[in-house]
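In: Just a sequence and a predicted model for now, questions to come.
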Amino acid sequence: MYHPRQDSSAPPRTIFDLTGGEPLRLPALPGETSSDVAIVGGGLVGCSAALHLAEMGRSAIVIEANEIGWGSARRSAGQVSASATKLDPAEVLRVYGPVHGPRLNEAGAQAPEFVSALAERYGMDISIVRGGILRGVHTPAMAAKLRGQAEFWQRQGAPVEYLSRGEAARIIGSDFYLGAQIDRRGIAVNPLAWVRGLARAAMSLGARLHENTRMDGLTRTADGWRIATPHGAISAGQVLLCTNAYTDDAWPGLKRTIIPVRGYQIWTRPLGDNVRAHILRGIAAMNDTRRLLTGMRLYPDGRLHFSGGVGFGAERAPDLEDRIARVRQILPDVGPLEVEGWWSGWVTRGIADGWRLHRLAPGLFTAIACNGRGVAMGPIMGRELARCAAGVPESELLVPLSAPKSIPWHPVHALLGSMAIRHYARLDRREIAEMRSIADTPA
């Protein structure tokens, strides 16, 4: 079975390289060392954990198998929704309980502000785009659901609206959707600049970070833990595993609690001024309610970035013709689209469609299962891991500490997942056809 760690160690070329700043070019771990806390994984979770530990005065060391931000950070779409999970707020309360559920809902609502404030505090240029995130509606049932969500957030005083078909069309640039929900709290960022900024901020406070340093072994000791690496080792009182989609067998059974799904992203050369003036106006990004959704961002320089599909296994070129046709279905007047590049990365699906904090053993913690909410919630969960290592009581954490649960039929998840993707595609096509037959009236 293909594992995400089998991907090439070379960093992918993405649209975020254009404004992501310089790589850190950090040395590999050269020998034996010790730290209060050792962090495995130099992505958004791990770098945030190091930063927050350093802010608390704890010594922290991060090892990254490739380069900082090599994984999900630079491969995401860069959207920051004002929600912690893909669950409805009421479902979050059911799944996480009356204590932690409200906390998680609030953390999600404040996620864009968390990113903005932390970036400002440490002087990070992460190319923040404001205006909100719009979600196009493709069925009457989803219209009712998103209208209800908007009403929930309006009662909380949040700037969330449900838009009629005509109102949505004026923003999107076409009347493809029945309507849309827009959450003006949402932002979009350069996630590569974001993870590099977190790393530099952590180092400015004394955290040590090492690239090209893979964990070869993890063992218990009398005083805590020992991590073996190709050219050294770390002794630490506590260890934070921040590997998410790249989780392997370092801790028995942990990788069976998640399903990595490969997502593709595509971007174009700059569109003409006449086109960019009439599409995706005044918003940070958009997506829709299809099971296999389409997400899009229009960059200030006119480049259009859109989702390129999902799959399993080794990376292969996406079907560019099919994906461009999908964009044209939404934006029929977009004009010529010249692809400049594409990349792929991994989204980590979990059982409950939301993050989990696990105490795997005394002094060994992990945050896992981002479910497409990693750009802001990854660093927030990194903060929570830092609080775990600092001894914050479980009752005060954002989500409860839980035991890992294996996903049923995990050994054949790629086969079942591929079958599910084909099934979802058929359902989406049928529903889109039904949507197009609905009269052009407010949803």
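Out: Yep, that arrived. Residues are numbered from 1 along each chain as shown.
In: from here on, contacts and neighbour counts on C-alpha atoms
Out: Will do.
In: Okay, helices next: where are they in the chain?
Out: 44-55, 72-75, 89-109, 111-121, 140-155, 165-172, 191-204, 273-276, 320-330, 374-389, 413-436 (DSSP state H).
In: Ranking these by mean neighbour count, which comes first?
Out: Of all these, helix 44-55 has the most neighbours on average by mean count of other C-alpha atoms under 10 Å, namely a mean of 29.
In: ok, and what's touching it?
Out: Contacts with helix 44-55, where a contact means C-alpha atoms under 8 Å, 6 or more residues apart in numbering, come from 39-41, 59-62, 69, 73, 195, 198-199, 201-203, 205-207, 240-242, 367, 374-375, 378-387, 390.
In: Could you export the helices of the chain as TSV, including distance to residue 222 and mean pLDDT?
Out: Converted to TSV, the helices of the chain look like this (distance: least, C-alpha to C-alpha, whole Å; pLDDT from 0 to 100):
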stretch	distance to residue 222	mean pLDDT
helix 44-55	23	98
helix 72-75	34	90
helix 89-109	34	93
helix 111-121	37	98
helix 140-155	50	94
helix 165-172	60	97
helix 191-204	28	98
helix 273-276	62	92
helix 320-330	55	95
helix 374-389	18	97
helix 413-436	38	92
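In: Residue 293 is nearest to which of those helices?
Out: Checking those against residue 293 by C-alpha to C-alpha gives helix 413-436 as the closest, at 9.1 Å.
In: May I have that closest one as CSV, with CA atoms only?
Out: Backbone C-alpha positions of helix 413-436 (Å, rounded to 0.1, in the frame of the first residue of the first chain) are rendered in CSV as follows:
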residue,chain,number,x,y,z
HIS,A,413,-9.1,2.2,2.5
ALA,A,414,-7.5,3.2,-0.9
LEU,A,415,-9.7,0.7,-2.8
LEU,A,416,-12.8,1.7,-0.9
GLY,A,417,-11.9,5.4,-1.1
SER,A,418,-11.5,5.2,-4.9
MET,A,419,-14.9,3.5,-5.2
ALA,A,420,-16.4,6.2,-3.0
ILE,A,421,-14.9,9.0,-5.2
ARG,A,422,-16.4,7.5,-8.3
HIS,A,423,-19.8,7.2,-6.6
TYR,A,424,-19.6,10.7,-5.3
ALA,A,425,-18.8,12.0,-8.7
ARG,A,426,-21.9,10.3,-10.1
LEU,A,427,-24.1,11.8,-7.4
ASP,A,428,-22.6,15.3,-7.9
ARG,A,429,-23.2,15.1,-11.7
ARG,A,430,-26.8,14.1,-11.2
GLU,A,431,-27.4,16.8,-8.7
ILE,A,432,-25.7,19.5,-10.9
ALA,A,433,-28.0,18.4,-13.8
GLU,A,434,-31.0,18.8,-11.5
MET,A,435,-29.8,22.2,-10.2
ARG,A,436,-29.4,23.5,-13.8
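In: Show me what that helix is packed up against.
Out: strand 304-311 (3 or more C-alpha pairs under 8 Å, 6 or more residues apart in numbering; DSSP states H and E).
In: now the angle between helix 413-436 and the strand it packs on, please.
Out: Here the directions of strand 304-311 and helix 413-436 differ by 130 degrees (axes from the mean of the first three to the mean of the last three C-alpha atoms, to 10 degrees).
In: Report the contact partners of the residue nearest the centre of the chain.
Out: Centroid-nearest residue in the chain: residue 374, 2.7 Å away (criterion: C-alpha atoms, centre = their mean). By C-alpha under 8 Å, 6+ apart, the contact list for residue 374 reads 44, 73.
In: swap in the one 3 residues further on?
Out: Taking C-alpha under 8 Å, 6+ apart, we find residue 377 in contact with 84, 108, 111, 370.
In: Would you mind checking which of those residues is nearest to residue 281?
Out: Distances from residue 281 to the contacts of residue 377, taken by C-alpha to C-alpha, are shortest for residue 111, at 22.8 Å.
In: Touching, residue 303 and residue 268? I think so.
Out: Yes - the criterion here is C-alpha atoms under 8 Å, and residue 303 meets it with residue 268 at 5.4 Å.
In: Show the contacting residues for residue 397.
Out: 100, 384, 387, 388.
In: May I have the phi/psi pair for it?
Out: phi -80, psi 160 (degrees, to the nearest 10).
In: Can you read off the pLDDT for it?
Out: Looking at residue 397, its pLDDT reads 97.
In: now the one 10 residues further on
Out: Per-residue pLDDT puts residue 407 at 89.
In: how far away is it from residue 259?
Out: 8 Å (C-alpha to C-alpha, to the nearest Å).
In: cool, residue 68 as well?
Out: 23 Å.
In: Of the two, which one has the most company?
Out: Neighbours per residue, other C-alpha atoms under 10 Å: of residue 68 and residue 259, the larger number sits with residue 68, 31 against 24.
In: Which pLDDT value goes with the more buried one?
Out: With respect to pLDDT, residue 68 scores 97.
In: Wait, it touches residue 42, no?
Out: Yes - under the criterion of C-alpha under 8 Å, residue 68 makes contact with residue 42 at 5.1 Å.
In: what touches both of these two?
Out: residue 211.
In: and the nearest residue to residue 130 once chain neighbours are set aside, how many neighbours?
Out: Spatial nearest neighbour of residue 130, excluding adjacent residues (C-alpha to C-alpha, 6 or more residues apart in numbering): residue 187 at 4.8 Å. Residue 187: 25 surrounding residues under other C-alpha under 10 Å.
In: Dig out what residue 187 forms beta bridges with.
Out: residue 80 (DSSP bridges).
In: Quick check: it touching residue 284?
Out: Yes - using C-alpha under 8 Å, residue 187 makes contact with residue 284 at a distance of 5.5 Å.
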